[in-house]
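Engineer: What follows is a protein structure lacking sequence information:
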């Protein structure tokens, strides 16, 4: 199972491959949040990435790794979120056809974004079975290659480049890096990059209390389901896969859960103090650091802000922090 | 009157002086806004600057240029906006006392920000006469040095460093740079930096229709008042000074007015597509470029996003763009 795990060279090659198509997002700091946390924080704002999220990295690496023959038949995936946009965007970059299976109740803004990249959308009922059945139909009809949102080593190697850049650009040795965890593509890639490029940097994850499957899987070693599912961080609802779980168990130090209230507070700091539009899922890593700040006093801590795709007409801010 | 105009060396020295205290904000690009405008845009996001606005640059340069004797008596200014925070912030950096005269109806969030930097706030009625009278009282009582928000060559030299960095970091030769204009500190500094560091780069300004004094002053050569004052861009309500007007007449190619609807649309693009929290005044330069895009087709255009201090509980977004 672990025989094709991305190596240091794999991640470096992925970075070379995708670099012409992505933003090298900057590393940002905030005196306010350093004071608040008692740590030195180095933010990697992947909300400023193409398509507004780190997912552009993995989608690009997966698609750029396909053969010409595979690309001729196009690519497919199911997603209502940032992965759908990432695949549509990456396919457009190489002139390949993308077939995106989306739940029929997806927000109009996300449907429009996928359409704008020229992808074909197949609507389905919003159940895992129906999504899967529709993707299989697409594959049978077109021969398209399925790109899993996280349980795919090319995707993981692509997501790993965010932490690789952060390690390279922070200007200090990072004691820790925090990332959010949903399916675990970003988190396992972050773990791998720390392992290869900054041994000794410990990787931690934040996970919503209302989607707390990864923390259970991390402890048991099996793919667990969340006890209940209810969170504002709608990008983190998925559970781990058989490729991400072992990498996370090997390269991640711990997973911390955070409440929606803590997520919204972190999000509001990012908007008000750092002037960054970050979606709830994108604020989870900061929320986890803030909740556990005492354990990191005086440390240099990297924080991956994973995305910024949020509906401005429906914001969770009642009043100023 | 023009004998102390900042030189190339003055601006370079200002940059050296303030560099340890400011962020070197990145240069950002957006494929979406390039497509929309038909130009190649290079954004300088000064909303990511210390205190959330470029004003930190001018405030720092003015205060760091004072003698120890002057600093011993502190500094003072009147402002309800970003300049108040800039002076409070800069004074705190050098351990000097700041006396900030603010209108008694200033937003609580702005009062708190100034207080957090340790400044003493003097509240007054919100008229130009009362602001001026209170500042004179402070000076008589304390001997503090008055730092004008824009009609001050050290302030102008500080603001000039934003365009100097943009010119240095854009990676291309800029055909034009757009900046907003209120009192003209940022705009005259931008004009000077283009003149010294990128001759041939033409500088343009955006100004709200509901605060259209600078465009009149630019044409007449006298300091004019706006025909009417009503705009969401509350950072741009001031009129030019006797130091900024001549610099703008000499180094700025044109001033374009934009409506509040155009400002809000530009602001929404910046939030939704670039994931940046930008205040209405900070979106005026982009609004001006978008309105006049036909004249810049295919050109490399720098856009200064001047600030991001906005109340999240009162946003002008009705629905998605």
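Structural biologist: It's in. Predicted model, so just to flag it, every value in this text is computed and none were measured.

Engineer: Tell me the buried residues in the helix or strand of chain A with the lowest mean pLDDT?
Structural biologist: Sorting the helices and strands of chain A by mean pLDDT, DSSP states H and E puts helix A:108-116 at the bottom, at a mean of 88. For helix A:108-116, the neighbour count (16 or more other CB atoms under 10 Å in any protein chain shown) marks A:109, A:110, A:111, A:113, A:114 as buried. C-beta coordinates here come from the backbone N, C-alpha and C atoms, glycine included.

Engineer: can I get those in CSV with distance to residue B:270?
Structural biologist: Converted to CSV, those look like this (distance: CB to CB, whole Å):
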residue, distance to residue B:270
A:109, 16
A:110, 20
A:111, 23
A:113, 17
A:114, 22
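
Engineer: same for chain B: which of those residues are within range?
Structural biologist: residue A:109 (CB under 8 Å from any CB of the partner chain).

Engineer: Settle this for me: residue A:53 is touching residue A:310, isn't it.
Structural biologist: No. The criterion here is CB atoms under 8 Å, and residue A:53 misses it with residue A:310 at 10.8 Å.

Engineer: So between those two, which is more surrounded?
Structural biologist: For residue A:53 versus residue A:310, neighbours defined as other CB atoms under 10 Å in any protein chain shown are more numerous around residue A:53 (28 against 24).

Engineer: Could you measure from residue A:161 over to chain B?
Structural biologist: According to CB to the nearest CB, to the nearest Å, residue A:161 and chain B sit 18 Å apart.

Engineer: does that residue sit in a helix or strand, and which one?
Structural biologist: In the assignment (DSSP states H and E), residue A:161 maps to helix A:153-169.

Engineer: Tell me which helix or strand comes right after that helix.
Structural biologist: Using DSSP H and E, the helix or strand that follows helix A:153-169 in sequence is strand A:176-180.

Engineer: Report the inter-axis angle for that following strand versus helix A:153-169.
Structural biologist: Going by axes from the mean of the first three to the mean of the last three CA atoms, to 10 degrees, strand A:176-180 is angled at 140 degrees with respect to helix A:153-169.

Engineer: what about the helix or strand following strand A:176-180, average pLDDT?
Structural biologist: Using DSSP H and E, the helix or strand that follows strand A:176-180 towards the C-terminus is helix A:185-197. Helix A:185-197 carries an average pLDDT of 98.

Engineer: List the contacts of whichever residue of the stretch 151-300 of chain A sits closest to chain B.
Structural biologist: Closest approach between the stretch 151-300 of chain A and chain B, counting by CB to the nearest CB: residue A:275, at 3.6 Å. Applying CB atoms under 8 Å, 6 or more residues apart in numbering or on different chains, one finds that residue A:275 lies in contact with B:45, B:47, B:48, B:52, B:276, B:277, B:278, B:308.

Engineer: Need phi/psi at it.
Structural biologist: When read as degrees, to the nearest 10, the backbone of residue A:275 gives phi 60, psi 30.

Engineer: what do you get for residue A:50?
Structural biologist: phi -50, psi 140.

Engineer: Once you drop chain neighbours, what's closest to it?
Structural biologist: Closest residue to residue A:50 in three dimensions, ignoring its sequence neighbours and counting by CB to CB, 6 or more residues apart in numbering or on different chains: residue A:56, at 4.2 Å.

Engineer: quick one, what contacts the one you found?
Structural biologist: Going by CB under 8 Å, 6+ apart, residue A:56 touches A:21, A:22, A:49, A:50, A:85, A:86, A:89, A:90.

Engineer: Mind doing that once more with 10 Å?
Structural biologist: Shown in contact with residue A:56 (CB atoms under 10 Å, 6 or more residues apart in numbering or on different chains): A:18, A:21-23, A:46, A:49-50, A:82-83, A:85-87, A:89-90, A:93, A:158-159, A:307.

Engineer: Residue A:32 touches residue A:274, doesn't it?
Structural biologist: Yes. Applying CB atoms under 10 Å, one finds residue A:32 in contact with residue A:274, separated by 8.3 Å.

Engineer: Compare neighbour counts for these two and give me the winner.
Structural biologist: Neighbour comparison, residue A:32 and residue A:274: the larger count goes to residue A:274, with 23 against 14 (by other CB under 10 Å).

Engineer: Which pLDDT value goes with residue A:2?
Structural biologist: 61.

Engineer: measure residue A:301 to residue B:222 for me?
Structural biologist: Going from residue A:301 to residue B:222 by CB to CB, to the nearest Å gives 55 Å.

Engineer: Could you do residue A:93 as well?
Structural biologist: For residue A:93, the distance to residue B:222 - CB to CB - is 54 Å.

Engineer: ok, these two, which is more surrounded?
Structural biologist: Set residue A:93 next to residue B:222 and count neighbours by other CB under 10 Å: residue A:93 wins out with 18 against 9.
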